[in-house]
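Trainee: from the sequence below, what's the structure:
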Amino acid sequence: MTERTRASSPPIRAARLLCALGLLAASAPAAADFPQSFEFGSYGRVGAGYDLRGAPGGQTNVVTHGPRLEESPYAELEMRSLLGRPTEARVRIVATLALNGELFHYTGDFQSRIGVRNLYAEAQDVFVPGLFLWAGSRMYRGDDLYLLDYWPLDNLNTMGGGAIYLRGRVEGALQVGLNRLTDPYQFQLVPTPAPTFGSREYAYLDRVRTVASARALFYVRPDAPGLRLKVKLYAEVQQLPAGKYLNETDHTEEPLPSDYGWVVGAQLGAWNFGRNSHANLFVRFGGGLGAYDTMAIPSGFDVTRHVTAARDVVLAFSGNYERRRLGLQVAAYLRSFHEANDIPYNPNNFLEGVIDLRPYVFVGKYFRQAFDLSWQRRSPAGFNPETGTHEAPQVFKLGVMPTVALFGGGTYDRPEFRIIYSASFRNQGARLLFAADDPHRLRRVEHYLGLGVEWWFNSSYR
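Mentor: Here you go, the predicted structure:
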């Protein structure tokens, strides 16, 4: 590939287009009847490390959402423009470009994994003060477990629209969106002869999943000194219409029935009981399609090819506490998942849990010494096919992370420059997850040593 071809690759063209639009919006003069402002924000992390054996280092997680100590590079570039007068309805336009995976300076490959995470417009104070209407493609999220990079309650990647109403201590929101993943579960192209010559493709299977959600948020003592509380109630429904899949080998049709799903959950939050301090307790119940991520293909169908009987239950906690020269971040969850089928001792049914503690010692103005202690375990309902016994993969991890932060001394102040060392101690069940000839199967301890940086500023999400 020539340098000219590389420079014109789709990711590079997309990045140049978004940057050009941002510069244009920032430099364009504001019209007298249509004033505007422009903001740029970003979230990002980049790290490089190895396993002390000459190979690249990586994560050793055995649960769905493990500690984020040795994460791969990821970045979001966000541009926002606000149109309208402060005393009237205003419109905010948001575009977020995301880059994920290994970078050119590491692989020598100029291609990048790129995605548009936000592309929507939101009208503020429409009809009545406090009413927001939005439409487009959006990351639609609540609070997260930072140490696990996990949103346990409301976390939708939606293309649709919704409304948010803020009044005093109460917030209400409604959302509806669609997706159609490019997978035979929802979409199939089949070749057919063209009217004149040759052939063309048409959508034999083309069914759209609808996801609608509602949330209500109540604040207790939101402006009072000392402890403040909030309570969130959340509900979600999903629906997928019926369709037919064509087996192109024997040209038989396979009916795919309609299906649905639901989610209900709640969150209790507290904050302002110390510098940068907060605590959140989550509970989430999901059934049917709601037991799976909206961007994932369901598995474990029953005999009627439904997943209506699937169940997912999550109990999660996150917190942060800082006092003088000490700080502590905490994240943990317990999850029970069961597929819709009645297979006895199904290894795909499991109970998993993880807890991660990250204490900080603040030394001077810029330096912070962090430690990371975590334990994770997954207990499947079935037996290991190799040993014929019940094997529960388990990992205990110890991390040492000296860091430098130039703009503040709290645990969440960024940018943060890091040296990362971690040792992961794995039991037999965790080692059996690797192939028989994989050298990782023989290692009880995995090491990681690397350098990294994480930042965020003017960013909607972290």
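Trainee: which residues touch the residue lying farthest from the centre of the chain?
Mentor: Most distant from the centre of the chain: Thr196, at 47.1 Å, with distances by CA atoms, centre = their mean. Residues near Thr196 by CB atoms under 8 Å, 6 or more residues apart in numbering: none. (C-beta placed from N, C-alpha, C; glycine too.)
Trainee: A strand includes it, no?
Mentor: No: counting by DSSP: H, G, I helix; E, B strand; the rest coil, one finds Thr196 to be coil, located in no strand.
Trainee: quick one, phi psi at it?
Mentor: Main-chain torsions, Thr196, degrees, to the nearest 10: phi -100, psi -70.
Trainee: just Gly274 next, same as before
Mentor: Residue torsions, per degrees, to the nearest 10, at Gly274 are phi 160, psi 170.
Trainee: quick one: the residue lying closest to Pro225 once chain neighbours are set aside from Phe197, how far?
Mentor: Leaving aside its chain neighbours, Pro225 sits nearest to Asn272 (8.0 Å; criterion: CB to CB, 6 or more residues apart in numbering). Distance, Asn272 to Phe197, using CB to CB, to the nearest Å: 72 Å.
Trainee: in the protein, which helix or strand is least confident?
Mentor: One helix or strand of the chain scores below all others by mean pLDDT, DSSP states H and E: helix 3-7, with a mean of 39.
Trainee: looking at Asn272 and Phe197, which is more packed in?
Mentor: For Asn272 versus Phe197, neighbours defined as other CB atoms under 10 Å are more numerous around Asn272 (16 against 6).
Trainee: wait, the more buried one touches Leu229, no?
Mentor: No: the pair Asn272 / Leu229 is not scored as a contact, 9.4 Å apart, by CB atoms under 8 Å.
Trainee: thinking again about what came up before, got a list of what the residue nearest to Pro225 touches?
Mentor: Contacts of Asn272 by CB under 8 Å, 6+ apart are Pro225, Gly226, Leu227, Arg228, His278.
Trainee: can you flag the buried ones in those residues?
Mentor: Buried members of the contacts of Asn272, scored by 16 or more other CB atoms under 10 Å, are Arg228, His278.
Trainee: among the contacts of Asn272, name the ones in strands.
Mentor: Arg228, His278 (DSSP state E).
Trainee: CSV for the contacts of Asn272, including distance to Asp183 and pLDDT?
Mentor: CSV is the format used below for the contacts of Asn272 (distance: CB to CB, whole Å; pLDDT from 0 to 100):
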residue, distance to Asp183, pLDDT
Pro225, 52, 85
Gly226, 51, 86
Leu227, 47, 91
Arg228, 44, 93
His278, 38, 95
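Trainee: kindly format the C-alpha coordinates of stretch 192-201 as PDB.
Mentor: Presented in PDB, the C-alpha positions along stretch 192-201 are these (Å, rounded to 0.1, in the frame of the first residue of the first chain):
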ATOM      1  CA  THR A 192     -30.900 -13.200  -7.100                       C
ATOM      2  CA  PRO A 193     -30.800 -12.800 -10.900                       C
ATOM      3  CA  ALA A 194     -31.000  -9.200 -12.100                       C
ATOM      4  CA  PRO A 195     -33.800  -8.200 -14.500                       C
ATOM      5  CA  THR A 196     -31.300  -7.700 -17.300                       C
ATOM      6  CA  PHE A 197     -28.100  -9.700 -16.700                       C
ATOM      7  CA  GLY A 198     -25.900 -10.700 -13.800                       C
ATOM      8  CA  SER A 199     -27.100 -10.900 -10.300                       C
ATOM      9  CA  ARG A 200     -27.800  -8.700  -7.300                       C
ATOM     10  CA  GLU A 201     -28.600  -9.100  -3.600                       C
END
